[in-house]
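**Student:** Based on what follows, work out the 3D shape:
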Amino acid sequence: MAHLVKLEDYVSRYQYDMYRYPSQFSRLKRERWARLKREWEESYLVENPSVEHFVEKQKKTIRNAFSKLKTLYKRKNQTEDFYNDCNEHQYQFKYKSLPELKINFLRELFEFQLNWASSTLVEKSTLKKSYLRDETLKWFLQSLPDNYFVFYYPVVTYPKAAVQFDILVVGPTEIWCIVNLEGRENSIFQTYSERYWLELNGDDERKIINPLLSLNRMSTILNKILEVTEIRFKVKKAVLTQEGYIDVTSPWGRTTFLDQRNINEWQQKLKNNSTPIKSTQLRFCQKLLDLCQTTSEPRSDLEQDIDEEN
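**Tutor:** Model (predicted):
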């Protein structure tokens, strides 16, 4: 599972110690899965009734934690909404099969990643509830291995102007600048002009901003950062749509177009990259994080205590 290093302008644990948190996340993930799997095996393969006790204990812990937060922040609508959202998406601890256990584990892990990408022990940012249902973000994180780092729409200041990027995937040997086209199912994307593309779906037609404009802006800034820091990395560009097709006839340099026909092949290629995390990769991520904007506020003592308990 890839690391969610930066989400918009939210505070991230990785930005304070890029060399520590990747290994810590991978370790926590392995330990959590081993513990859940062991509980499942003991309960259903050996018919040990410990799962019911485990289920109730976990539910009680979650209820108590968020009950405290709700009481403390009952006058703040924003926190009330977050509490309701957590109740809606909280981890389901009853499972009948190993695949079901894995699905629930991935759901829990995704929410854990969102927490790390929007808070530290002493700061927090306001997380949009829509991210809990962001299938594109989930796909990037769950389809790539631990040696990849994801920057999801970060706001980068370089040299003095703030620019919101699209998606960056930083691997051990290359950096992918990616623009995701959120079209309807089976939409066809075509070039129209230097500024616009067309999305065609049946008889419907709409103009969208040419994604290559954003790609070129991102790659230009990244190459300048790499040049200044003397870090060597390949910068690659891609336009991606998971449910549609990209019909581009004109040559567009070294841009890769990913759609229903080849996206799985591309994903598998990255997934098969067994190169371990490199020091230059960590160094570049730290440098980029230093250039990213962050909007946050202090956390209360109670929130810090709950976080440390969890």
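**Student:** Could you tell me which residues make contact with Glu205?
**Tutor:** The contact partners of Glu205, taken as Cβ atoms under 8 Å, 6 or more residues apart in numbering, are Leu198, Glu199. (C-beta placed from N, C-alpha, C; glycine too.)
**Student:** can you list the weak-confidence ranges in the stretch 51-200 of the chain?
**Tutor:** 51-96 (pLDDT under 70).
**Student:** which residues sit against stretch 22-38?
**Tutor:** By Cβ under 8 Å, 6+ apart, stretch 22-38 touches 1, 3, 14, 98, 101, 105, 108-109, 113, 116, 146, 149, 277, 282.
**Student:** go again using 7 Å as the cut-off
**Tutor:** Met1, His3, Leu101, Phe105, Leu109, Asp146, Ile277 (Cβ atoms under 7 Å, 6 or more residues apart in numbering).
**Student:** ok, of those residues, which one's closest to Tyr196?
**Tutor:** His3 (34.7 Å; Cβ to Cβ).
**Student:** Looks like the closest one contacts Phe151 (just checking).
**Tutor:** No - at 10.0 Å, His3 does not count as touching Phe151 under the criterion of Cβ atoms under 7 Å.
**Student:** how close does Asn272 sit to Gly183?
**Tutor:** 28 Å (Cβ to Cβ, to the nearest Å).
**Student:** Comparing those two, which shows the higher neighbour count?
**Tutor:** Gly183 (21 against 8; other Cβ atoms under 10 Å).
**Student:** The more buried one contacts Thr241, correct?
**Tutor:** Yes - contact status for Gly183 versus Thr241: in contact at 5.9 Å, counting by Cβ under 7 Å.
**Student:** Which neighbours do the two have in common?
**Tutor:** When Cβ under 7 Å, 6+ apart defines a contact, the residues bordering Gly183 and Thr241 alike are Phe189.
**Student:** which residues in the stretch 101-250 of the chain form helices?
**Tutor:** 135-143, 211-229 (DSSP state H, counting those that start in this stretch).
**Student:** Please identify which of those helices is closest to Gln267.
**Tutor:** helix 135-143 (5.2 Å).
**Student:** mind listing what's buried in the closest one?
**Tutor:** Leu137, Lys138, Phe140, Leu141, Ser143 (16 or more other Cβ atoms under 10 Å).
**Student:** Look up how far Tyr158 lies from the last one.
**Tutor:** So the one you mean is Ser143. 29 Å.
**Student:** check contacts around the residue nearest to Asp247 when sequence neighbours are not counted.
**Tutor:** Leaving aside its sequence neighbours, Asp247 sits nearest to Gln190 (Cβ to Cβ, 6 or more residues apart in numbering; 5.0 Å). Neighbouring residues of Gln190 by Cβ under 7 Å, 6+ apart: Trp197, Leu198, Leu200, Asp247.
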